[in-house]
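3D model of this:
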Amino acid sequence: MMTNLFSIFDPSTNLLNISLNWLSTFMGLMFIPYSFWLIPNRHFIIWNFIINKLHFEFKNLLSPNSLNGSTFIFISLFSFVLFNNFLGLFPYIFTSTSHLNISLSITLSLWLSFMFYGWINNSQHMFIHMIPQGTPNILMPFMVIIETISNIIRPGTLAVRLTANMIAGHLLLTLLSNTGINLPNYLIIILILIQILLLTLEMAVAIIQSYVIAILSTLYSNEVN
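Model (predicted):
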């Protein structure tokens, strides 16, 4: 029984007090090996086209000093988030990206790796980045504080953005579906059409949020080089 509206996002399936809902995050691993030995079909060709487009776009965003193959980190991030976002659109499948456990783990690990790499290898560049060019001398201490705070909250803002967008659409779909119990038949048809439009919008949101988190992570990594 649903105790409150947000309880639909709670991991409820468990075995020996181990939550099984999080296993949905690893469902994509079952489909990856097929691309290595099956004859490429339309699905594989389209996905390969998307990956190539993302590769060239991320490559343009990264600095020339970046290591070869750096774009594949962000392509993998895009693919992982996109897959889990789309899983949440199917009934009775747990949406792992609607929880800060997953989204904050991803963004925080990336941000920490960027910070460690930047401060160890390009410490002078990291200090210079704290003070924008042309800042008056009297404002420099305040700009250092502001830039430090804005840098620290980056993983939190990325995680909250992804989680909030995933939760908002699912809550709206749940609210509308709960109202259909007491509606007459002609209004139920209208409600179904609205639900289909919202599902289409949620598909777009799933793609956009995956693209946003990958692009912002790419831009953040470019600042440490």
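
hang on, isn't residue 77 packed against residue 215?
No - taking CB atoms under 8 Å as the definition, residue 77 is not a contact partner of residue 215, at 10.2 Å. Placement of C-beta: from N, CA and C, glycine included.

residue boundaries of the strands in this protein?
Per DSSP state E, the chain carries strands over the ranges 14-15, 18-19.

Confidence-wise, which of those is weakest overall?
The weakest mean pLDDT among the strands of the chain belongs to strand 14-15, with a mean of 56.

how deep is residue 162 tucked in, by neighbour count?
By other CB atoms under 10 Å, the residues close to residue 162 number 25.

Let me know the pLDDT of it.
For residue 162, pLDDT reads 89.

looking at it, it is touching residue 211, isn't it?
No - counting by CB under 8 Å, residue 162 does not reach residue 211; the two are 11.3 Å apart.

can you list the weak-confidence ranges in this protein?
1-20, 22, 28-29, 31-40, 64-67 (pLDDT under 70).

now the helices: where do they sit in it?
Along the chain, counting by DSSP state H, helices occupy 34-37, 42-61, 71-87, 100-121, 123-129, 140-152, 154-179, 185-222.

wait, which of these is closest to residue 93?
Among the helices of the chain, helix 71-87 comes nearest to residue 93, with 5.0 Å by CB to CB.

before we move on, the earlier item: output the helices of the chain as JSON lines; include the columns distance to residue 27.
Formatted as JSON lines, the helices of the chain follow (distance: least, CB to CB, whole Å):
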{"stretch": "helix 34-37", "distance to residue 27": "13"}
{"stretch": "helix 42-61", "distance to residue 27": "16"}
{"stretch": "helix 71-87", "distance to residue 27": "7"}
{"stretch": "helix 100-121", "distance to residue 27": "14"}
{"stretch": "helix 123-129", "distance to residue 27": "39"}
{"stretch": "helix 140-152", "distance to residue 27": "34"}
{"stretch": "helix 154-179", "distance to residue 27": "17"}
{"stretch": "helix 185-222", "distance to residue 27": "15"}
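
Out of these, which gets nearest to residue 26?
Nearest of those (CB to CB): helix 71-87, 10.0 Å.

Can you check what angle separates that closest one from helix 100-121?
170 degrees (axes from the mean of the first three to the mean of the last three CA atoms, to 10 degrees).

Run through who's touching helix 71-87.
Helix 71-87 is contacted by residues 24-25, 27-28, 51, 54-55, 58-59, 62, 93-97, 102, 106, 110, 162, 166, 203, 205-207, 209-211, 213-214, 217-218, 221 when judged by CB atoms under 8 Å, 6 or more residues apart in numbering.

now those: which count as buried?
Buried subset of these (neighbour count, 16 or more other CB atoms under 10 Å): 24-25, 54, 58, 62, 94-97, 102, 106, 110, 162, 166, 205-206, 209-210, 213-214, 217-218, 221.

So what's the residue count around residue 179?
When neighbours are counted by other CB under 10 Å, residue 179 registers 12.

Apologies, that question was intended for residue 202.
Residue 202: 21 neighbours (other CB under 10 Å).

Would you quantify the distance from it to residue 189?
20 Å (CB to CB, to the nearest Å).

got it, and residue 58?
44 Å.

swap in residue 90?
As judged by CB to CB, residue 90 and residue 189 stand 23 Å apart.
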